[in-house]
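> Below are the sequence and a predicted model for it; my questions follow.
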Amino acid sequence: MSTKEVSSGIFEITERGGKQLATINLVPGASVYGEKLVEIEGCEYRIWNPKRSKLAAMMIKKFNIPIERDSKVLYLGAASGTTVSHVSDIVSEGIVYAVEFSPRTMRDLIGLCDVRPNIIPILADANRPQAYAHIVEEVDVIFQDVAQPNQSEIAAVNAKQFLKKDGHLLLSIKARSIDTVANPKNVFKEEVKKLEHEFDVGFEILDSRELMPFHEDHLGVMARVRK
Amino acid sequence: MKIITWFGILTLDDSGKVVEWDMLSKDTGALAERLVQPKETNMAIPPAGFDLRTAAIECGFVGSTGEYNTLLRDVSIRAAKKQISGGTPDMGIIQAVEALDDIDDAANSLSERLAEWYGMYFPEVGLSSEPLARFVAKYGSRSNVSPDDRLYEKATSSMGAELTGLDEELVRGFAENICTLYDSRSRIEEYLIKSMETTAPNLVNIAGALIGARLVSMAGGLEKLARFPSSTIQVIGANRALFKHLRARAPSPKHGIIFNHPQIKNSPWWQRGKIARALAAKISLAVRMDVYSGNGLNESLKTELDAKIESIKAAHPKPPKRESKGGSVKGKGRSQNKQQNNKSGGRR
Ligand SMILES: C[S@@+](CC[C@H](N)C(=O)[O-])C[C@H]1O[C@@H](n2cnc3c(N)ncnc32)[C@H](O)[C@@H]1O
C-alpha cells in the first residue's frame, strides 16, 4: 500500500493496483458515516468515496482543489456532514462554517461538530447571508451543494458577503433542480453563462466539468471572484 | 455605523475601522442565546470583507485566534442545539391549523348572530360572513353608506328600522370584533404557507400549502405523515366529514381532505377517484423526501403527477356507461357488486 498527496490534505491510496481517495482522520478511530479506515505507516486515513461526495468527484475529475491546511471554508448545504467531515480533515488548521437549513439534518451535523474541533454549525437558509453575517468571517473558499433552483444566486450573494478577493467558489450544479425536463447540457451552459455575466461579484470560471459517472447530471464548477 | 457581531456591537468609522465597541460577556449560554436571536434586529451586518476575527482580538474579546475558534465553536454548537430542540416547525403548523378551525367555528357563529341582528336594520343587505362584518364595521347604520358603494341604493330604500345611538355602537363594535377574527385568520394562513414552504417544500408543491398543512396536522406531525401508506393519506380527514355527516346530514364521506385539491375538485366525478389515488401516492413520496432526503424541492414529482393526471384524463374522457336501465332487481345487484369489486381491486 502506498499513499500520494494529490492536493493539500487529499491522498490517493494505491492498494493492489486499485486507487482510492482518502483524507487523514482528524479524530483517529472514528468513522463518520461508515467509511473505511485504513492505517498506513502510523497514520489513519478515511476512505473518501466520490459517489458520496461531489467534492471527491471533483478531485477525481482533476479539478485543482484550492483548499489548504489552514483554509477558511464556507460550506453551504452541509447536510449531515458526509463531505464536511473530509473538508474538516483537510483544513486541520483552518475552520469550516457549515450552513444547513433543515433542522432534521442539522441534528446529525451537530453530532459531527461535537467530536470535531473545526466545524461551526449554522442552521440557516443560504439565501439569506445576512442571517449569519454576524458569525461568519471572510473565507478563502466557498463550497456549495444545495440542489436548489437558484443555485447561482445563492453562490453570488454569499460570495459577495464572505469570499475574499481572489477567493474560490466550488459549486455543484444539479441540472434537475433547475429544470426537470431540459437537457442537462443546456442547463449547465446557461448556468455557467449566468455565473459569468449576471452578478456583480465578477465570477471568473476556472474550470467546469460534469461529475459523471459519480453523480449523474451534475456539473462541478470552480470560479474565482475578482470583486 | 454600528454593526452587530456574535461577540458584541461595534461602531465603525467611514473607513471601516472599529472606533468603539460594546462587548458581550464571555458566557457561552448567553452568547448562544444572542446568536439565535440577536436583539438588535435593525442593526447593520458587518460590511463585506470585514475581519471579524481580528476585530474580536483587537477589542480584547479573545486573546488569540485559537480562543476565537474554540469559543465560536462552543457557542454555535450550543445555539444550533437550542434551535433544533425548541419544538419542531411541524408542531407550530399543527397548532396553527387547529387555531384556524377554532377561528372558523367562532367566526361562523358570530357572523350568524350579526346577520340576524343587523337584519333588523337592513334586511336587504344581501351579505353574510366576512363581507357583512366588514360592511357593518365600516358603516354602522345604513344611513352612513357612501353613495359610491354598490349597496347605496338598497341602503336608502331599505325597509329596515333605524339603527342609532347605543344600538349602532354595539352592532358596529360586534362587527369589528368579527373582522379582527378574520384578520387573525389570514395572518395564520400566511404563517402556514411560509412555514410549510420551508418545512415541507415537496409536499407543498404537490398538495398545496393549506391542504398539506391539514394533512400534517391530522397525522400528528410530518414524520408521522411520512410513515402513512398512501391509501391512508387518501382518506385522511374523512372521519371529520363522517361526524359532520352524522350531525348535519352532510353527504356521506367517501373522501379525505385531498378531495379539496383543485385538480380533483375541477375534474369530472368519474375521474376523481383515480386522480385521488395518483395524488395520494405522490403526496406520500413528497412527504418522505421532505423528511428523509433534505434535498429541497424536487420538481420531478410534480412533472410526473401532471403527466399521470393527463393520462387518466385521456383514458377516461367520458363517464362510464351505467348498466342499462329497467333491468331486474337481480341485475342491479350484480352491477353494484361489480363496482365494489372494481374499487377494492383498484386500491390494492
Ligand atoms: C445534496 S445535499 C448536500 C450533501 C453534502 N454536500 C454532502 O456531500 O455531504 C443538499 C443539502 O442542502 C441543503 N439545502 C438546500 N437548500 C438550502 C438552503 N437554501 N440553505 C441551506 N441549506 C440548504 C439541504 O437541506 C440538503 O441537506
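Everything's here; your move.
> Report the spatially nearest residue to the residue nearest to the spatial centre of chain A, omitting neighbours in sequence.
Nearest residue to the geometric centre of chain A (Cα atoms, centre = their mean): residue A:143, 4.1 Å. Once flanking residues are discounted, residue A:143 sits nearest to residue A:170: 4.6 Å by Cβ to Cβ, 6 or more residues apart in numbering or on different chains. The way it works is simple: take the backbone N, C-alpha and C, and place the C-beta from them, glycine included.
> Mind pulling up the pLDDT for that neighbour?
The per-residue pLDDT reported for residue A:170 equals 97.
> Equivalent analysis for residue B:244, please.
pLDDT recorded at residue B:244 is 52.
> what do you get for residue B:338?
Here, the pLDDT recorded for residue B:338 equals 40.
> what helices or strands is the longest strand seen in chain A leaning on?
When chain A is parsed with DSSP state E, its longest strand is strand A:163-174. Where contact means 3 or more Cβ pairs under 8 Å, 6 or more residues apart in numbering or on different chains; DSSP states H and E, strand A:163-174 is packed against helix A:54-60, strand A:139-144, helix A:151-162, helix A:184-197, strand A:218-225.
> Tell me how far that strand lies from the chain's centre.
Distance of strand A:163-174 from the chain centroid (Cα atoms, centre = their mean, to the nearest Å) equals 10 Å.
> and what of stretch A:129-146?
Put simply, stretch A:129-146 sits 13 Å off its chain's centre (Cα atoms, centre = their mean).
> Check stretch A:92-102 too.
10 Å.
> what comes up buried for that stretch?
Within stretch A:92-102, the residues that qualify as buried are A:94, A:95, A:96, A:97, A:98, A:99, A:100, A:101, A:102, counting by 16 or more other Cβ atoms under 10 Å in any protein chain shown.
> among those, which are in strands?
Counting by DSSP E, the part of the buried residues of stretch A:92-102 found in strands is A:95, A:96, A:97, A:98, A:99, A:100.
> how about the residues you listed in CSV, adding pLDDT and distance to residue B:56?
Conversion of these to CSV gives the following (pLDDT from 0 to 100; distance: Cβ to Cβ, whole Å):
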residue, pLDDT, distance to residue B:56
A:95, 97, 14
A:96, 98, 19
A:97, 98, 15
A:98, 98, 20
A:99, 97, 20
A:100, 95, 24
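> Which ones, among these, also lie beside the ligand?
Among those, the residues that sit close to the ligand (Cβ under 6 Å from any ligand atom) are A:99, A:100.
> before we move on, back to that, what residues are up against the residue nearest to residue A:143?
A:55, A:58, A:63, A:65, A:66, A:141, A:142, A:143, A:144, A:220, A:221, A:222 (Cβ atoms under 8 Å, 6 or more residues apart in numbering or on different chains).
> still on that earlier bit, so what's the residue nearest to the centre of chain A bridging to?
Taking DSSP bridges as the rule, residue A:143 bridges to residue A:75, residue A:170.
> Do I have it right that it meets residue A:86?
No. With contact defined as Cβ atoms under 8 Å, residue A:143 and residue A:86 do not form a contacting pair (10.8 Å).
> Tell me the residues that contact both of the two, please.
residue A:55.
> Tell me which of the helices and strands packed on strand A:163-174 sits nearest to residue A:120.
Of all the helices and strands packed on strand A:163-174, strand A:139-144 sits nearest to residue A:120, with 11.1 Å by Cβ to Cβ.
> pull the CA atoms of the closest one into PDB?
Provided in PDB are the C-alpha atoms of strand A:139-144 (Å, rounded to 0.1, in the frame of the first residue of the first chain):
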ATOM      1  CA  VAL A 139     -13.300  33.000   3.800                       C
ATOM      2  CA  ASP A 140     -10.800  31.600   1.300                       C
ATOM      3  CA  VAL A 141     -13.200  29.100  -0.300                       C
ATOM      4  CA  ILE A 142     -17.000  28.700  -0.600                       C
ATOM      5  CA  PHE A 143     -18.100  25.200  -1.400                       C
ATOM      6  CA  GLN A 144     -21.800  24.900  -2.300                       C
END
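> Mind checking if it is in reach of the ligand?
No. Using Cβ under 6 Å from any ligand atom, strand A:139-144 never reaches the ligand; the gap is at least 7.8 Å.
> Repeat that for stretch B:66-84.
No. Against the ligand, stretch B:66-84 shows no contacts by Cβ under 6 Å from any ligand atom, the least distance being 12.9 Å.
> And that stretch, what's buried?
Using 16+ other Cβ under 10 Å as the test for burial, stretch B:66-84 gives B:68-69, B:71-84.
> Out of the residues you listed, which are close to chain A?
Subset of the buried residues of stretch B:66-84 in contact with chain A: B:69, B:72, B:73, B:76, B:77, B:79, B:80, B:81, B:83, B:84, counting by Cβ under 8 Å from any Cβ of the partner chain.
> Quickly check: the lowest-mean-pLDDT helix or strand in chain A near the ligand or not.
Every helix and strand of chain A was ranked by mean pLDDT, DSSP states H and E. The lowest is helix A:175-178, at a mean of 88. No. Using Cβ under 6 Å from any ligand atom, helix A:175-178 stays clear of the ligand, with a minimum separation of 9.0 Å.
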